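> Got a sequence here, can you build the structure:
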Amino acid sequence: MININLSNMVGDSSLSQSKSVSSDSLSTFKDFISEFKLEDVYKEVFGLEHDETQNLMKDLAKKFKTSRNTFANAPAEDADMLRTFSFICMLSYDVYIKKTLIERLIDQMNDKKAASEKDSPS
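Numbering: from 1, shown residues only. Prediction:
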């Protein structure tokens, strides 16, 4: 059985490591929240962390259980590796969909900022 420790994963990612998130994207986001203090935004967003972690753990357990039921007819010596591969593929699909969504949201934010800058007199 695989033991997943989310405490090592939460907070390890860095926006600066993502090529899709440029300094322009971050300044666009900052412009949208300019009426809020950064501390208030942080508390609001990260206040959701516990519930989201619980939901994530349930989703991971479901995916793991589903992956353990794949390749029922595979030879015993290959079944574990194939099931692990199945689990990896299921996790990868979520990552791909979320990455794509994040990129689109950032593009939309940048488009809105560019449009508002174009419409406003300099």
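
> Find the centremost residue of the chain, please.
Lys98 (5.2 Å; C-alpha atoms, centre = their mean).

> Okay, that one and Asp78: tell me how far apart.
Lys98 sits 30 Å away from Asp78, taking C-beta to C-beta, to the nearest Å as the criterion. (Glycine included, C-beta is placed from N, CA and C.)

> Quick check: mean pLDDT of the strand or helix carrying Thr100?
For Thr100, the host element (DSSP states H and E) is helix 76-119. Helix 76-119 shows a mean pLDDT of 93 in the predicted model.

> Does anything pack onto that helix? Which helices or strands?
helix 23-32, helix 49-68 (3 or more C-beta pairs under 8 Å, 6 or more residues apart in numbering; DSSP states H and E).

> weakest of these by average pLDDT?
Looking at the helices and strands packed on helix 76-119, the bottom one is helix 23-32 with a mean of 58.

> what's the following helix or strand after that one?
Using DSSP H and E, the next helix or strand after helix 23-32 towards the C-terminus is helix 38-46.

> Now do that next one against helix 49-68, angle only.
On the basis of axes from the mean of the first three to the mean of the last three C-alpha atoms, to 10 degrees, helix 38-46 is oriented at 30 degrees to helix 49-68.

> starting at the chain centroid, how far to helix 38-46?
Relative to its chain's centre, helix 38-46 lies at 18 Å (C-alpha atoms, centre = their mean, to the nearest Å).

> same check, this time on stretch 94-101
The answer for stretch 94-101 is 7 Å, by C-alpha atoms, centre = their mean.

> cool, stretch 58-75 as well?
That offset, for stretch 58-75, works out to 22 Å (C-alpha atoms, centre = their mean).

> Run through who's touching it.
2, 4, 78-79, 82-84, 86-87, 90-91, 94 (C-beta atoms under 8 Å, 6 or more residues apart in numbering).

> Buried residues, it. List them.
60, 63-64, 67-68, 71 (16 or more other C-beta atoms under 10 Å).

> Dump it to PDB, keeping only the CA atoms.
This file holds the C-alpha atoms of stretch 58-75, laid out as PDB (Å, rounded to 0.1, in the frame of the first residue of the first chain):
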ATOM      1  CA  LYS A  58     -10.800  11.400  -0.100                       C
ATOM      2  CA  ASP A  59     -10.100  11.800  -3.900                       C
ATOM      3  CA  LEU A  60      -6.700  10.200  -3.600                       C
ATOM      4  CA  ALA A  61      -8.100   7.300  -1.700                       C
ATOM      5  CA  LYS A  62     -10.800   6.800  -4.300                       C
ATOM      6  CA  LYS A  63      -8.200   6.900  -7.100                       C
ATOM      7  CA  PHE A  64      -5.900   4.500  -5.300                       C
ATOM      8  CA  LYS A  65      -8.800   2.100  -4.700                       C
ATOM      9  CA  THR A  66      -9.800   2.300  -8.400                       C
ATOM     10  CA  SER A  67      -6.200   1.700  -9.500                       C
ATOM     11  CA  ARG A  68      -5.900  -1.400  -7.300                       C
ATOM     12  CA  ASN A  69      -8.900  -2.900  -9.200                       C
ATOM     13  CA  THR A  70      -7.300  -2.400 -12.600                       C
ATOM     14  CA  PHE A  71      -5.500  -5.100 -14.600                       C
ATOM     15  CA  ALA A  72      -7.300  -8.000 -12.800                       C
ATOM     16  CA  ASN A  73      -6.200 -10.400 -15.600                       C
ATOM     17  CA  ALA A  74      -2.500  -9.300 -15.600                       C
ATOM     18  CA  PRO A  75       0.100 -11.800 -14.600                       C
END
